[in-house]
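>>> sequence and predicted model, in that order:
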Amino acid sequence: MIPISIEQAAADAGGRIEAPATGEVVAVVSDTRQIRGGELFVAIAGERVDGSTLAGQAIEAGASAVMTAGREVALASGAPANRLIVVDDVLAALGRLARESLRRAREANPRLQVVAVTGSVGKTTTKDLLAALLAIRGPIIAPPGSFNNELGLPLTVLRAGADTATLVLEMGADHMGNIDYLTSIAPPDVGVVLIVARAHLGHFGGIENVAKAKSEMVTGVREGGTVILNALDERVRAMAKLTDRDLLFFGDPALPGVHAEDVSVNDAGRATFVLVTSTGRAPVTLALVGEHHVSNALAAATVADYYGIGVEEVARVLSETGAASPHRMSVSERGGILIIDDSYNANPDSMRAGLDALERLGEGRRKVAILGAMLELGADADAEHEAIGHYAAARGADVVIGVGEETRPLTHAAAAAGLATQTASSETALDVATTILAKGDVVLLKGSNGSGVWRVADALVRED
């Protein structure tokens, strides 16, 4: 960020300082472990820890100020009054602060471009590919992992400064209006919509409402900007009628944009294809595992093509860039066991993609699927889990381990595959896995983040 005074930070955030303050804010953090000196510590009231109780510790560590909605708690922690920016709502204040910070950065550097991506699946992978490709333009800011909500996105925006060429953002939604709010903080110059899938159905009430929520990206692109849409998803393609911004598409050679030809999957489970952009054609072999990543790669390539990056360079980067964020289709081997870790999140479509990868990589080997719940599916949850159990059997899974009570319909349906085991928790699932896994096996770990399957993945990857 461009450094500002504590008083200016308070004004931007809509907060107040109760005593004269000196000093400046050079960065914004929500974790005291990230304090190096001069940061504004944002005191978030979390489920386990109220950040206001850490206000004094943050100041001692070198923070220039603390933004808090818990004035009395912060004072009791030892923080001085003239170092507190008191607000009514910390997340809303953080959003205002980020909006003003981005405005300053854009004024200081008219070349700065904001590229934002949304979709039911593939956001983080596409964001990581975009970060690798657009680094060619110059200094780039992109979030670690999946910082895509009302906390993570403003914190990412606040990292952009006068020298930033590209700010890559991921925008998630589990309620209507989420993306509308995020684009109000950081209006994109380029907005990308990947796919509409059956995610967060419990909140949205149906896939048409999911599409409506994702379309907020299209209407949030700033004047003079460009919207990039997946031509192969009919709901995404239909969003074109919602905007008067310039349009590009990926996936359909009949539309302006980028597409792939001669798509196949090699023995390592990696997609190969010919990339076709406005500058020519080039062969690509993705470093990522799974044919479903072709769509993510095309989305990123369309953005790169828009910014004038040649097809040969785009193909090279796509072929070299593996999984940059944890628990997203990363493949490793421990003790002769091939581990496919895609345990960050799950919905019915991404679960099927994971099982497709297991079938491909497990050809001729015993295939084990450790599957957690797909959360937030609402009334469709049991039916969707049952369908995944049948799909696992159809894809040749030899062993299915369900993690959590929500997966009971899944394991019951998967019994046709052979051994299907229901476990109560990730800890129990790990015990079962370590008992049955043997050299030569291929194991897929997949589930919503809240299912805890990632803990099993971490433990298996650590073992030698």
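Arrived safely, thanks for sending. On a predicted model such as this, the values are computed, not experimentally measured, just so you know.
>>> quick check: A74 is in a helix.
Yes: assessed with DSSP: H, G, I helix; E, B strand; the rest coil, A74 lies in a helix.
>>> that one: how many residues sit nearby?
30 (other Cβ atoms under 10 Å). All C-beta spots, glycine's among them, are computed from the backbone N, C-alpha and C.
>>> in terms of contact, does H412 touch E386 like I think?
Yes: assessed by Cβ atoms under 8 Å, H412 is found in contact with E386 at 7.3 Å.
>>> where in this structure is pLDDT low?
Scanning the chain for pLDDT under 70 picks out 198-205, 417, 463-464.
>>> quick one, helices of the stretch 1-150 of the chain?
Ranges of helices in the stretch 1-150 of the chain, per DSSP state H, counting those that start in this stretch, are 6-13, 55-61, 71-76, 90-108, 123-134.
>>> brain fart, the stretch 251-400 of the chain
293-306, 311-320, 348-361, 381-394.
>>> send the alpha carbons of the first one over as CSV?
Taking C-alpha atoms only, helix 293-306 is exported to CSV below (Å, rounded to 0.1, in the frame of the first residue of the first chain):
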residue,chain,number,x,y,z
HIS,A,293,-8.0,-27.7,-15.6
VAL,A,294,-8.1,-27.0,-19.4
SER,A,295,-11.0,-24.6,-18.8
ASN,A,296,-9.1,-22.8,-16.0
ALA,A,297,-6.0,-22.6,-18.3
LEU,A,298,-8.1,-21.1,-21.1
ALA,A,299,-9.6,-18.5,-18.8
ALA,A,300,-6.1,-17.4,-17.7
ALA,A,301,-4.8,-17.5,-21.3
THR,A,302,-7.6,-15.3,-22.5
VAL,A,303,-6.6,-12.6,-19.9
ALA,A,304,-3.0,-13.0,-21.0
ASP,A,305,-3.9,-12.7,-24.6
TYR,A,306,-5.9,-9.5,-23.8
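>>> mind giving me the packing neighbours of that helix?
For helix 293-306, the helices and strands in contact under the criterion 3 or more Cβ pairs under 8 Å, 6 or more residues apart in numbering; DSSP states H and E are helix 123-134, strand 190-193, strand 226-230, strand 246-250, strand 257-265, strand 270-277, strand 280-289, helix 311-320.
>>> can I get those in CSV with mean neighbour count and distance to L355?
What follows is the helices and strands packed on helix 293-306, written out as CSV (neighbours: other Cβ atoms under 10 Å; distance: least, Cβ to Cβ, whole Å):
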stretch, mean neighbour count, distance to L355
helix 123-134, 25, 18
strand 190-193, 28, 25
strand 226-230, 26, 22
strand 246-250, 20, 25
strand 257-265, 17, 14
strand 270-277, 21, 16
strand 280-289, 19, 13
helix 311-320, 19, 24
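>>> save the ones you listed as CSV, and put in distance to H390 too.
Shown next, in CSV, are these (distance: least, Cβ to Cβ, whole Å):
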stretch, distance to H390
helix 123-134, 27
strand 190-193, 30
strand 226-230, 27
strand 246-250, 31
strand 257-265, 23
strand 270-277, 25
strand 280-289, 23
helix 311-320, 34
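>>> of all those, which lies closest to E406?
Minimum separation from E406 across the helices and strands packed on helix 293-306 (Cβ to Cβ) falls at helix 123-134, 23.2 Å.
>>> what sits up against that closest one?
115, 117, 119, 140, 142-143, 145-146, 148, 165-166, 168-172, 192, 194, 288, 293, 296-297, 299-301, 303-304, 307, 309, 314, 317-318, 320-321, 323-325, 328-329, 344 (Cβ atoms under 8 Å, 6 or more residues apart in numbering).
>>> quick check: domain ranges of the protein?
Here the domain parsing of the chain from automatic domain parsing is 4-90, 109-320, 330-462.
>>> can you list these in JSON lines and add distance to R99?
As requested, the domains of the chain are exported to JSON lines (distance: least, Cβ to Cβ, whole Å):
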{"stretch": "domain 4-90", "distance to R99": "8"}
{"stretch": "domain 109-320", "distance to R99": "5"}
{"stretch": "domain 330-462", "distance to R99": "28"}
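>>> nearest to E100, of the ones you listed?
domain 4-90 (4.0 Å).
>>> run the chain-centre distance for that closest one.
Relative to its chain's centre, domain 4-90 lies at 27 Å (Cα atoms, centre = their mean, to the nearest Å).
>>> any idea how far apart the tips of that domain sit?
Domain 4-90 stretches 19 Å from its first residue to its last (Cα to Cα, to the nearest Å).
>>> same check, this time on stretch 100-114
14 Å.
>>> go through that stretch and flag the buried ones.
For stretch 100-114, the neighbour count (16 or more other Cβ atoms under 10 Å) marks 100-102, 104-106, 109, 112-114 as buried.
>>> go on, stretch 372-387?
For stretch 372-387, by 16+ other Cβ under 10 Å, it's 372-377, 380-381, 384-387.
>>> next one: stretch 231-238
Buried, per 16+ other Cβ under 10 Å, within stretch 231-238: 231, 233, 235-237.
>>> would TSV of those with distance to A10 and secondary structure be doable?
What follows is the buried residues of stretch 231-238, written out as TSV (distance: Cβ to Cβ, whole Å; DSSP: H, G, I helix; E, B strand; the rest coil):
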residue	distance to A10	secondary structure
A231	47	coil
D233	44	coil
R235	43	helix
V236	41	helix
R237	45	helix
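>>> one step back: adding distance to D267, write the buried residues of stretch 100-114 out as a markdown table.
What follows is those, written out as a markdown table (distance: Cβ to Cβ, whole Å):
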| residue | distance to D267 |
| --- | --- |
| E100 | 52 |
| S101 | 48 |
| L102 | 45 |
| R104 | 51 |
| A105 | 46 |
| R106 | 47 |
| N109 | 46 |
| L112 | 43 |
| Q113 | 39 |
| V114 | 40 |
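>>> ok, the residues you listed vs L255, which is closest?
Distances from L255 to these, taken by Cβ to Cβ, are shortest for Q113, at 22.8 Å.
>>> distance check, the closest one against A131.
Here the distance between Q113 and A131 works out to 13 Å (Cβ to Cβ, to the nearest Å).
>>> hang on, the earlier thing: just the buried members of the contacts of helix 123-134?
115, 117, 119, 140, 142-143, 145-146, 148, 165-166, 168-172, 192, 194, 288, 293, 296-297, 299-301, 303-304, 309, 314, 317-318, 321, 323-325, 328-329, 344.
>>> how deep is A93 tucked in, by neighbour count?
A93 has 24 nearby residues by other Cβ under 10 Å.
>>> for it, give me its contacts.
Counted by Cβ under 8 Å, 6+ apart, A93 has contacts 13-15, 67, 85, 87.
>>> same question, V86
15-18, 68-69, 71.
>>> could you measure from it over to S64?
15 Å.
>>> got it, and N109?
Distance from N109 to S64, by Cβ to Cβ: 24 Å.
>>> surely A459 touches D431?
No: counting by Cβ under 8 Å, A459 stays clear of D431, with 10.1 Å between them.
>>> distance check, the closest residue in space to G119 that isn't next to it in sequence against S52.
Nearest residue to G119 in three dimensions, chain neighbours excluded: L194, at 2.8 Å (Cβ to Cβ, 6 or more residues apart in numbering). For L194, the distance to S52 equals 38 Å [Cβ to Cβ].
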